[in-house]
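*Asks:* quick one, structure for this:
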Amino acid sequence: MDGGDPASDDAEWLLRELGGKHRSQALSTLAAVGAADVLRDRGPSHVADLAVAIGCEPAALESLLRAAAGMGCMLEQSPGCFSLTSRGEQLCSDQLGAFADFLGSRAQWDAWSRLREAICDEDPATPAARALGRPLYEHLAADARASADYDAAIDAFTRHEAARLRGRLDLREAKAIVDVGGGRGTLLRALLDEAPAARGVLFDLPHVIERARASLPKVIDAVAGDFLAAVPAGGDVYVLKHVLHNWPDDDARRILENCRDARVAGGRVIVLDAVLAPDNRPDLARMLDLEMRVLFGSSERRKPELRRLIQAAGLQVESASELTASSWLFVCR
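*Replies:* Below you'll find the predicted structure:
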């Protein structure tokens, strides 16, 4: 019996994998145009009505909805009438919608289109810097709209991780939680919900703090600075969420050392970062490794590498556990 042509099977596999750009952009566009939000609010809607509500061309929108239905994000209740599934709800603006929107944005795609250049030549500029004309953080400091889009994307991703983190840390006795590189304070707010006796300190670059300050609750103090130089002193919990992977070992160790030196006696340093598997399994951390190379010229680390880095900074890993498909939780003292 003929088992099929392996070469043909491999070609079909490659075509399906290359179609990832179509799937990614379709999901991102659904989030960007607000289709998921409208469908969640209105319930099942005909394409023509939905197109009017979000200002899209009906035929093009129908193509998009049918592609999304094939990915399990939509159901066609009757001809031309679509509803949102629980998977599709993740594209709403209060879920992962802003993150999906950002990943399909022109800035992200322009950067990724330059990955081949960054791999094949000796120019130290990252793909993001090539696309934007300057390093990403410089671009965000200078462009308020780009910074707002980036912050919204990171906030959406952070809410997902914060939900998984709930109950994993004992913060009942915490007095001061310092979120180092904490953006707009999304994770810090969630942690303070579990720390009734604590105040929060949000620490980030000046332009980030300037934009975040007005929306912070009174229980959070906003402090601007450079974590490569120093971090606010006196905390008993220091949080580094997806910070270390942006930096080479020497700088990452310095950040950890600054947290170690700033904490009160017995204080903890909490590290959230992706961990590369020891083999080549197709996991999200492996894709984030490429993302770091595109955006910052950095990379994710394996668990032993993170442990050595933490130990080199004079800290010990008290516990390490998987938090999400894209992050591990390290509690250090």
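*Asks:* for the stretch 101-250 of the chain, just list every one of the helices.
*Replies:* 106-112, 115-120, 127-132, 136-142, 144-165, 186-192, 206-212, 249-262 (DSSP state H, counting those that start in this stretch).
*Asks:* how about stretch 165-180 as CSV, C-alpha atoms only?
*Replies:* In CSV, the C-alpha atoms belonging to stretch 165-180 read as follows (Å, rounded to 0.1, in the frame of the first residue of the first chain):
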residue,chain,number,x,y,z
LEU,A,165,0.7,34.6,39.5
ARG,A,166,-2.3,35.1,41.8
GLY,A,167,-1.8,33.1,45.0
ARG,A,168,1.7,31.9,44.0
LEU,A,169,3.5,34.4,46.3
ASP,A,170,2.9,34.9,50.0
LEU,A,171,2.7,38.7,50.2
ARG,A,172,0.7,39.1,53.4
GLU,A,173,3.6,40.4,55.4
ALA,A,174,5.1,42.5,52.6
LYS,A,175,5.7,46.2,53.5
ALA,A,176,7.1,47.6,50.2
ILE,A,177,7.0,46.0,46.7
VAL,A,178,9.3,47.6,44.1
ASP,A,179,8.5,46.8,40.5
VAL,A,180,11.7,47.4,38.6
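*Asks:* name the helices or strands packed onto the longest strand belonging to the chain?
*Replies:* Selection of the longest strand in the chain by residue count, based on DSSP state E, yields strand 317-324. Packing partners of strand 317-324 (3 or more CB pairs under 8 Å, 6 or more residues apart in numbering; DSSP states H and E): helix 144-165, helix 303-312, strand 327-332. Just so you know, the C-beta spots here come from the backbone N, C-alpha and C atoms, and that holds for glycine as well.
*Asks:* show me where pLDDT drops low in the stretch 151-300 of the chain?
*Replies:* Scanning the stretch 151-300 of the chain for pLDDT under 70 picks out nothing.
*Asks:* if you could redo that for the stretch 1-150 of the chain, that was the one I meant.
*Replies:* Using pLDDT under 70, the stretch 1-150 of the chain drops low at 1-4.
*Asks:* all the strands of it, residue numbers only.
*Replies:* In the stretch 1-150 of the chain, the strands defined using DSSP state E, counting those that start in this stretch lie at 45-46, 74-78, 81-84.
*Asks:* CSV for the helices of the stretch 101-250 of the chain, including mean neighbour count?
*Replies:* Compiled in CSV, these are given as follows (neighbours: other CB atoms under 10 Å):
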stretch, mean neighbour count
helix 106-112, 17
helix 115-120, 12
helix 127-132, 22
helix 136-142, 17
helix 144-165, 18
helix 186-192, 22
helix 206-212, 17
helix 249-262, 19
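*Asks:* with distance to residue 16 as added columns, please give the ones you listed in JSON lines.
*Replies:* Below are the helices of the stretch 101-250 of the chain laid out as JSON lines (distance: least, CB to CB, whole Å):
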{"stretch": "helix 106-112", "distance to residue 16": "19"}
{"stretch": "helix 115-120", "distance to residue 16": "20"}
{"stretch": "helix 127-132", "distance to residue 16": "25"}
{"stretch": "helix 136-142", "distance to residue 16": "31"}
{"stretch": "helix 144-165", "distance to residue 16": "26"}
{"stretch": "helix 186-192", "distance to residue 16": "35"}
{"stretch": "helix 206-212", "distance to residue 16": "40"}
{"stretch": "helix 249-262", "distance to residue 16": "37"}
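*Asks:* quick one: which of these is nearest residue 308?
*Replies:* helix 249-262 (8.9 Å; CB to CB).
*Asks:* so which elements touch the following helix or strand past the closest one?
*Replies:* Counting by DSSP states H and E, the next helix or strand C-terminal to helix 249-262 is strand 268-273. Strand 268-273 sits against strand 237-241, helix 249-262, helix 303-312, strand 327-332, with contacts defined as 3+ CB pairs under 8 Å, 6+ apart.
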